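# Please find the sequence and the predicted model below.
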Amino acid sequence: MKRKTALGIVLAVLIIAGYYMLADIPEPLSDELRGSYSCDDAIYSRIMAIDPDDDNSFYYTDSKNNCRIKGVFGENGENVYSISCGSEANKAIIPDQSIVLGDRSFTLTVSGQQLTFKKVHQAPILYGDDNNYR
């Protein structure tokens, strides 16, 4: 009887441990546009979150300049998307443009600089409250 109880406890511990190990495995990145992207700038981090379920919105975060921009995107063709901001002030930072998604990355012109953003997470992740994005 004690042996069955001990075996049951060991089995339960193994199942629980296996669950936690599997929970730590990151979700594989897909080739779709949805997700979070990071620009590996040597100075600081810039993040793009792209969410087709939020009226085709994108969210740009520039942590150094405390800049948070919300805009929209549309699909122009296979892996080609248009990016647009609502206000003229934001268009001065991120002008209307087309991006091409390839190898889970794209190049975006921001404040006159061409930056490459690489996919880092399958889900669109915002940094802070979405009301902070204009």
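Right, received. Where do you want to start?
# beta partners for the most centrally placed residue in the chain?
Note on the chain: the residue nearest the mean C-alpha position is Ser36, at 0.6 Å, using Cα atoms, centre = their mean. Beta-bridge partners of Ser36, counted by DSSP bridges, are Ala49, His121.
# how far does the lengthiest strand in the chain sit from the chain's center?
Taking DSSP state E as the assignment, the strand of the chain that covers the most residues is strand 67-77. Remark: strand 67-77 is offset 13 Å from the chain centroid, using Cα atoms, centre = their mean, to the nearest Å.
# Would you mind getting the angle between the helix or strand just after that strand and strand 67-77?
Using DSSP states H and E, the helix or strand that follows strand 67-77 in sequence is strand 80-85. Orientation of strand 80-85 against strand 67-77 (axes from the mean of the first three to the mean of the last three Cα atoms, to 10 degrees) gives an angle of 150 degrees.
# what's the average pLDDT for stretch 36-45?
Per-region confidence: stretch 36-45 scores 78 on mean pLDDT.
# Give me the distance between the two termini of it.
End-to-end distance for stretch 36-45: 13 Å, by Cα to Cα, to the nearest Å.
# Would you map the helices across this protein?
Taking DSSP state H as the test, the helices found in the chain are 2-23, 88-93.
# so what secondary structure elements neighbour the last one?
Going back to what we said before, that points to helix 88-93. Under the contact definition 3 or more Cβ pairs under 8 Å, 6 or more residues apart in numbering; DSSP states H and E, helix 88-93 sits against strand 67-77, strand 80-85. All C-beta spots, glycine's among them, are computed from the backbone N, C-alpha and C.
# ok so, going back, does the residue nearest to the centre of the chain touch Ile125 like I think?
Yes: applying Cβ atoms under 8 Å, one finds Ser36 in contact with Ile125, separated by 4.5 Å.
# Need the residues touching each of those two.
Ile47, Ala49 (Cβ atoms under 8 Å, 6 or more residues apart in numbering).
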